[in-house]
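Student: sequence plus predicted model, see below.
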Number of protein chains: 2
Amino acid sequence: MAKRRKVGNMLALAILANLLAKPMHPYEMAATLRERGKDQDMPIKWGSLYTVVGNLEKHGFIRAVQSERQGLRPERTIYEITEAGRAELTDWLREIVGVAEREIPRFEAGLSLLGVLPPDEVVALLEQRLADLTEQLATAEAALRSAPVPRIFLLEGEYDLAVRRAEADWIEGLLGELRDGTLPGAKQWREWHENGADPSQLLSLMGELTAEGGPEA
Amino acid sequence: MAKRRKVGNMLALAILANLLAKPMHPYEMAATLRERGKDQDMPIKWGSLYTVVGNLEKHGFIRAVQSERQGLRPERTIYEITEAGRAELTDWLREIVGVAEREIPRFEAGLSLLGVLPPDEVVALLEQRLADLTEQLATAEAALRSAPVPRIFLLEGEYDLAVRRAEADWIEGLLGELRDGTLPGAKQWREWHENGADPSQLLSLMGELTAEGGPEA
DNA sequence: GCCACATTACTCGTAGGCGAGTATACGTCG
DNA sequence: CGACGTATACTCGCCTACGAGTAATGTGGC
């Protein structure tokens, strides 16, 4: 199980890594991160910036070293990373990389409730998703190919590509089985929806059947 | 871009789907979900149960239909899904399935900061992760194979398997390149760490090089 | 030389998420 | 028959996230 972090927001990780290079004020951190495209690599909400910086300071991972002001602009507080901060950064990174914690994407949750929608609509939705995905993949591939830096700096992009390619393939396979009706259980699903989708049958369909099937710890 | 949901927690989605079958009180929802192993398919925190139920009611997606008590136990309020709730459920599901919204896993964020750790340690960590992953995959595969229900009920498991298999393969590939030193840029990385990991060089390593390489919108 | 717009640099309010705690009832083992 | 564990069914309060707002300063155009 992943250790509970005192500051759990991914933005905090990016900030710590950033402060390794030099002390900065929050706005500069944001600017640097944005410039490097780091907001592509992690889900960053800029609204959280000052909260996160504040929390990092509160827990001793960073420390204010000076604060200056230019003219009448708001004051800028400059922070540096502390020893504890360095330790937290590496420990956290080690955990993220070394431990395969299961993160469930929304799409997977959606799949587990697919029965709610009628099969024909699901086919249409999956086609839509596949089209989306194919386009995104093409863009990302092109960007990777034309990137003027050694591959070591593009690992996150390559990983993303590999995983999403797998998703696209899987969807394609599923679509095939759905279209030609070879997927076991698809017939009952269709019939259930054609008979007005009676919720009382849903229980016996999704419930009793599924109940036994789960993996045990 | 994904529409902002009035109640955005995935637990809410599961609850709405559950109430399709019949009205329930919160604790029964939790029991049903747990029994069905739905907590395997989405990241559910049981502490949020009553908050989420409250929010669903506040926004008119569910409605209290009766409240009863047995003996001196706390009172139980029974909720049913409303028309608005049904609409929200299907609309939300449609979005989740039909739109390929990019969700960035923590591992990917970690990859983008790999340079912070020394290469040899990264190799060890990736080996660890790969081992983790391989084991989890074996367990999941076995569970899927021995499940006594038609495949249509196991889609989320199959998807998970496909995607994680891709992750494992990708890591394996990377490990190969890392071990035999064929990954472009790996040498500079190693040298930088061996020379005391001077942060001022880090900027030129990760910064300037990467800056140009990002994909444009 | 002044207006409009972008950029810089934050502040604040609020909703929601989540863990820990609480209180009753039931079963059961001796 | 009483004591202790376990299942039932919530309540509470803190902390965090995040979007919207604000205010000063640079900048380009006419």
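Tutor: Perfect, I can see it now. Numbering: from 1, shown residues only, chains lettered A, B, ... in the order given.

Student: break chain A into its domains for me.
Tutor: A:10-98, A:106-211 (automatic domain parsing).

Student: got those domains as a markdown table, with distance to residue B:136, mean neighbour count and mean pLDDT columns?
Tutor: For the C-beta atoms, the positions are set from N, CA and C on the backbone; glycine is no exception. Below are the domains of chain A laid out as a markdown table (distance: least, C-beta to C-beta, whole Å; neighbours: other C-beta atoms under 10 Å in any protein chain shown; pLDDT from 0 to 100):
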| stretch | distance to residue B:136 | mean neighbour count | mean pLDDT |
| --- | --- | --- | --- |
| domain A:10-98 | 14 | 17 | 89 |
| domain A:106-211 | 14 | 17 | 88 |
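
Student: nearest to DNA strand C, of these?
Tutor: With C-beta to the nearest atom of the strand, the closest approach to DNA strand C among the domains of chain A belongs to domain A:10-98: 3.7 Å.

Student: any idea how far that closest one is from the chain center?
Tutor: The chain centre lies 20 Å from the centre of domain A:10-98; the measure is C-alpha atoms, centre = their mean, to the nearest Å.

Student: repeat that for stretch A:117-135.
Tutor: Its chain's C-alpha centre and that of stretch A:117-135 lie 21 Å apart, by C-alpha atoms, centre = their mean.

Student: C-alpha coordinates for it, CSV please?
Tutor: What follows is stretch A:117-135, C-alpha atoms only, in CSV (Å, rounded to 0.1, in the frame of the first residue of the first chain):
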residue,chain,number,x,y,z
LEU,A,117,-26.5,1.2,-21.8
PRO,A,118,-28.0,-0.6,-24.8
PRO,A,119,-25.5,-2.6,-26.9
ASP,A,120,-26.0,-0.7,-30.1
GLU,A,121,-25.2,2.6,-28.3
VAL,A,122,-22.2,1.1,-26.7
VAL,A,123,-20.8,0.1,-30.1
ALA,A,124,-21.3,3.6,-31.3
LEU,A,125,-19.6,5.1,-28.2
LEU,A,126,-16.6,2.7,-28.5
GLU,A,127,-16.2,3.6,-32.2
GLN,A,128,-16.1,7.3,-31.1
ARG,A,129,-13.6,6.5,-28.5
LEU,A,130,-11.4,4.5,-30.8
ALA,A,131,-11.5,7.4,-33.4
ASP,A,132,-10.5,9.9,-30.6
LEU,A,133,-7.7,7.6,-29.5
THR,A,134,-6.4,6.9,-33.0
GLU,A,135,-6.1,10.6,-33.7
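
Student: is that stretch up against chain B anywhere?
Tutor: Yes: on the criterion C-beta under 8 Å from any C-beta of the partner chain, stretch A:117-135 is in touch with chain B at A:117, A:121-122, A:124-126, A:128-129, A:132-133.

Student: got a list of contacts for that stretch?
Tutor: If you take C-beta atoms under 8 Å, 6 or more residues apart in numbering or on different chains as the criterion, stretch A:117-135 is touched by A:107, A:114, A:164, A:167-168, A:171-172, A:174-175, A:178-179, A:186, A:189-190, A:193, A:197, B:90, B:93-94, B:97-100.

Student: does the one residue in chain A that gets nearest to DNA strand D count as helix, strand or coil?
Tutor: Nearest residue of chain A to DNA strand D: residue A:47, at 2.0 Å (C-beta to the nearest atom of the strand). Recorded secondary structure, residue A:47: helix (DSSP: H, G, I helix; E, B strand; the rest coil).

Student: what about the strands in chain A?
Tutor: With DSSP state E, the ranges of strands along chain A come out as A:62-68, A:76-81.

Student: list the contacts of residue A:17.
Tutor: A:89, B:113, B:116.

Student: distance check, it against residue B:29.
Tutor: As judged by C-beta to C-beta, to the nearest Å, residue A:17 and residue B:29 stand 41 Å apart.

Student: likewise residue A:142?
Tutor: Taken as C-beta to C-beta, the span from residue A:142 to residue B:29 is 46 Å.

Student: contacts (any at all) between DNA strand D and stretch A:81-96?
Tutor: No: applying C-beta under 7 Å from any atom of the strand, one finds stretch A:81-96 separated from DNA strand D by no less than 12.9 Å.

Student: who's in contact with that stretch?
Tutor: With C-beta under 8 Å, 6+ apart, stretch A:81-96 has contacts from A:2-3, A:5-6, A:13, A:16-17, A:19-20, A:23, A:56, A:59-63, B:106-107, B:109-110, B:113-114, B:116-117, B:121, B:125.

Student: go with 6 Å
Tutor: The contact list for stretch A:81-96 (C-beta atoms under 6 Å, 6 or more residues apart in numbering or on different chains) reads A:16, A:19, A:60-63, B:106, B:110, B:116-117.
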